[in-house]
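Peer 1: I would like to see how this sequence folds:
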Amino acid sequence: MSERYDVVIVGAGNAAFCAAHAARAHGARVLVLEKAPRNRSGGNSYFTAGAFRVAYGTLDDVRSLVDDLSDEQAASIDLPAYTTDHFMADLRTLTEGRSDPELSAILVGESLETVRWMRDQGIRWELMYARQSFRVGERVQFFGGLALGTVDGGRGLMEQHTAAASASGIEVRYDSPVVGLLRDGRGGVNGVTVVGAGTREEIAAGAVILASGGFEADPRMRAQYLGPNWDIAKVRGTAANTGEGLHMALEAGAQPYGHWSGCHAVFWDADAPPTGDWELTNQLSKLGYPIGLIVNREARRFVDEGADFRNYTYAKYGREVLRQPGAIAYQLYDQKVVPLLRKDEYMIPSATRVVADTIRELATGLGLQPEALERTVDDFNAAVQEGEFNPSIKDGKRTLGVEPPKSNWAQRLDSPPYLAYPVTVGITFTFGGVRIDADARVLDRAGKPIAGLFAAGELVGGLFYHNYPGGSGLMAGAVFGRRAGRTASARAALAGSARGAPVR
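Peer 2: Numbering: from 1, shown residues only. Prediction:
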């Protein structure tokens, strides 16, 4: 072996860098290996809005993390408490009670502590006014238990992680795909094999942390594990997450864990490229649907658009589009709600949309049967009940007598010109992965730790099933990345002591 590091980390997204910062802070010599080139690095984290789901008690808990929030601004903000009990209840409800109890308790219980630690590492935070609040009168009202995000979103998150790593002496190599784990005579992991530019190198390590994402960018694995038609889904993020880290872990004896037939998938611009756009990133998502209508190619509604805040439905509704004819759907809006739509998702020049003065013209522009769309809209409008519309709370303004119902934010679609946005499914990440313990050690099929092997991020299974609370993916990556880095550095120190070589 030509080189040796205390901790080698596979991947260069949020979870990987949290692991790197933690390991470095404990004295480890750290190497981060990234499959993608420098200008395409950052994993799925780069494509996010940078939202982190955090348990907090008061506005002051969150205010201590952000910069430049004046007393005057704070006085106009309504930010309901989002306690650990709330976070845990959301996680249990959305995963239908299947989330691993130990891992979920760590995720929830360490969320606020972890974002404070990330701030110390150089990550900058802000309140997500544009994505997670509405102005109601003179008040700014946040909704859905999700208020905190990184400055400049996922792009800013990864730039800040990279700068912090450089400042602390963490080495990062790009264009360096890891193709195998090195094993000792007792089955433990003691290094990796890396290829690149016509070379093949074995790098020794006191510990290896896998943080290389799921398999969402591999169409064959999507079809194999998620089911029919998932191979035609668009990929919301990086093209690099093709499951190699999972394969390596399983070959080393790791226990498969979690919801291997489940994933996070959203409404995505129908004309988006096959994998993520590095300029538009998350702007190709279309998440204003709770205040509009959604129909399929037959001009029929197929979900309750107002079942809950989008933070609790967007990760599962993408798969509903895949079940529709042609794997396509159409979001419909009128002028009453257009001012509430996010400008960077719906008004950007690249957004695919049709504008029309009548429902019939809208149907024609979309290639739908005009009478069918008129009938759907007329039936919906007739079913809307009276009540006060308030997008910042579950207002109970609903329909009666149509299927599926709309449980909140139901308003008649009757104020032209109308806007329609063709959408398809955009897969974000897969839920199946490997099993870890509280120390982020990868467990084998007998439930015992594989010596020297740790994991964090999207390739960890057991946290999310069927659905997930928005912002909890990045939070999980940070919490378990930090734990992995801390425990991996301790493992490396022991391994170094056994060899008589101190950790550097």
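Peer 1: from here on, just use CA atoms for contacts and neighbour counts.
Peer 2: OK.
Peer 1: give me the element A130 is part of.
Peer 2: Using DSSP states H and E, the element containing A130 is helix 129-132.
Peer 1: need the contact partners of that helix.
Peer 2: Here helix 129-132 makes contact (Cα atoms under 8 Å, 6 or more residues apart in numbering) with 142-144, 146-147, 342.
Peer 1: for the stretch 101-250 of the chain, which segments count as strands?
Peer 2: Assigned by DSSP state E, counting those that start in this stretch, the strands in the stretch 101-250 of the chain fall at 125-127, 133-136, 139-142, 148-150, 171-173, 178-183, 189-196, 199-210, 234-235.
Peer 1: for A327, find the nearest of those.
Peer 2: Among these, strand 234-235 comes nearest to A327, with 10.6 Å by Cα to Cα.
Peer 1: related to what we said a few turns ago, buried among the contacts of helix 129-132? Make that a PyMOL selection.
Peer 2: Selection of the buried residues among these in PyMOL, burial being defined by 16 or more other Cα atoms under 10 Å:
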select buried, resi 142+143+144+146+147+342
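Peer 1: format the contacts of helix 129-132 as TSV; extra columns: distance to Y421 and pLDDT.
Peer 2: Shown next, in TSV, are the contacts of helix 129-132 (distance: Cα to Cα, whole Å; pLDDT from 0 to 100):
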residue	distance to Y421	pLDDT
F142	26	95
F143	24	95
G144	24	94
L146	26	96
A147	27	96
R342	13	96
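Peer 1: on that earlier part again, relative to R482, which of the strands of the stretch 101-250 of the chain is closest?
Peer 2: Of all the strands of the stretch 101-250 of the chain, strand 199-210 comes closest under Cα to Cα, at 11.0 Å.
Peer 1: what does the closest one rub up against?
Peer 2: Here strand 199-210 makes contact (Cα under 8 Å, 6+ apart) with 1-11, 16, 19, 182, 189-195, 245, 452-456, 459, 484-485, 488-489, 491-493, 495-496.
Peer 1: which of these are buried?
Peer 2: 4-11, 16, 19, 182, 189-195, 245, 452-456, 459, 484-485, 488-489, 491-493, 495-496.
Peer 1: restricted to strands, list these.
Peer 2: 4-10, 182, 189-195, 452-455 (DSSP state E).
Peer 1: quick one: the residue lying closest to T430 once chain neighbours are set aside and R124, what's the gap?
Peer 2: By the measure of Cα to Cα, 6 or more residues apart in numbering, the closest residue to T430 outside its immediate chain neighbours is C263, 4.2 Å from it. According to Cα to Cα, to the nearest Å, C263 stands 29 Å off from R124.
Peer 1: look at those two and report which has more neighbours.
Peer 2: Neighbour count, other Cα atoms under 10 Å: between C263 and R124, C263 has more, with 26 against 20.
Peer 1: which residues does the more buried one contact?
Peer 2: Contacts for C263 (Cα under 8 Å, 6+ apart) come out as 226, 315-316, 427-432, 465-467.
Peer 1: again, 10 Å this time
Peer 2: 214, 216, 222, 226, 315-316, 318-319, 427-432, 464-468 (Cα atoms under 10 Å, 6 or more residues apart in numbering).
Peer 1: which ones among these lie within helices?
Peer 2: 315-316, 318-319 (DSSP state H).
Peer 1: just among those, which is most surrounded?
Peer 2: G318 leads these on contacts (other Cα under 10 Å) with 26 neighbours.
Peer 1: look at the nearest residue to that one once chain neighbours are set aside and say how many residues are nearby.
Peer 2: Excluding its sequence neighbours, the residue lying closest to G318 (Cα to Cα, 6+ apart) is V266, at 4.0 Å. Around V266 there are 25 other residues, counting by other Cα under 10 Å.
Peer 1: any idea of the pLDDT on V266?
Peer 2: With respect to pLDDT, V266 scores 98.
Peer 1: part of a helix, is it?
Peer 2: No. Read with DSSP: H, G, I helix; E, B strand; the rest coil, V266 is strand and lies in no helix.
Peer 1: mind listing what it touches?
Peer 2: Contacts of V266 by Cα under 10 Å, 6+ apart are 236, 285-287, 313-321, 423-428.
Peer 1: go again with 6 Å.
Peer 2: Counting by Cα atoms under 6 Å, 6 or more residues apart in numbering, V266 makes contact with 314-315, 318, 425-426.
Peer 1: strands of the stretch 351-500 of the chain, residue ranges please.
Peer 2: 354-356, 418-430, 433-434, 441-443, 449-455.
Peer 1: let me have those strands in JSON lines, extended by distance to K406 and mean pLDDT.
Peer 2: Listed next are the strands of the stretch 351-500 of the chain as JSON lines, based on distance: least, Cα to Cα, whole Å; pLDDT from 0 to 100:
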{"stretch": "strand 354-356", "distance to K406": "23", "mean pLDDT": "98"}
{"stretch": "strand 418-430", "distance to K406": "18", "mean pLDDT": "98"}
{"stretch": "strand 433-434", "distance to K406": "35", "mean pLDDT": "98"}
{"stretch": "strand 441-443", "distance to K406": "43", "mean pLDDT": "98"}
{"stretch": "strand 449-455", "distance to K406": "41", "mean pLDDT": "98"}
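Peer 1: S111 is nearest to which of those strands?
Peer 2: Across these, closest to S111 is strand 449-455 (Cα to Cα), at 18.0 Å.
Peer 1: can you list the low-confidence ranges for the stretch 1-150 of the chain?
Peer 2: Scanning the stretch 1-150 of the chain for pLDDT under 70 picks out the ranges 1.
Peer 1: and the gap between the residue nearest to N296 when sequence neighbours are not counted and I427?
Peer 2: Among residues not flanking N296 along the chain, A329 sits closest, at 4.4 Å (Cα to Cα, 6+ apart). Distance, A329 to I427, by Cα to Cα: 15 Å.
Peer 1: so these two - more neighbours on which side?
Peer 2: The neighbour comparison of A329 against I427 (other Cα under 10 Å) goes to A329, with 31 against 25.
Peer 1: isn't that one right next to L293, touching?
Peer 2: No. Under the criterion of Cα atoms under 6 Å, A329 is not in contact with L293, lying 10.3 Å apart.
Peer 1: what helix or strand is L91 on?
Peer 2: helix 84-94.
Peer 1: tell me the buried residues in that helix?
Peer 2: By 16+ other Cα under 10 Å, the buried positions in helix 84-94 come out as 84, 87-88, 90-94.
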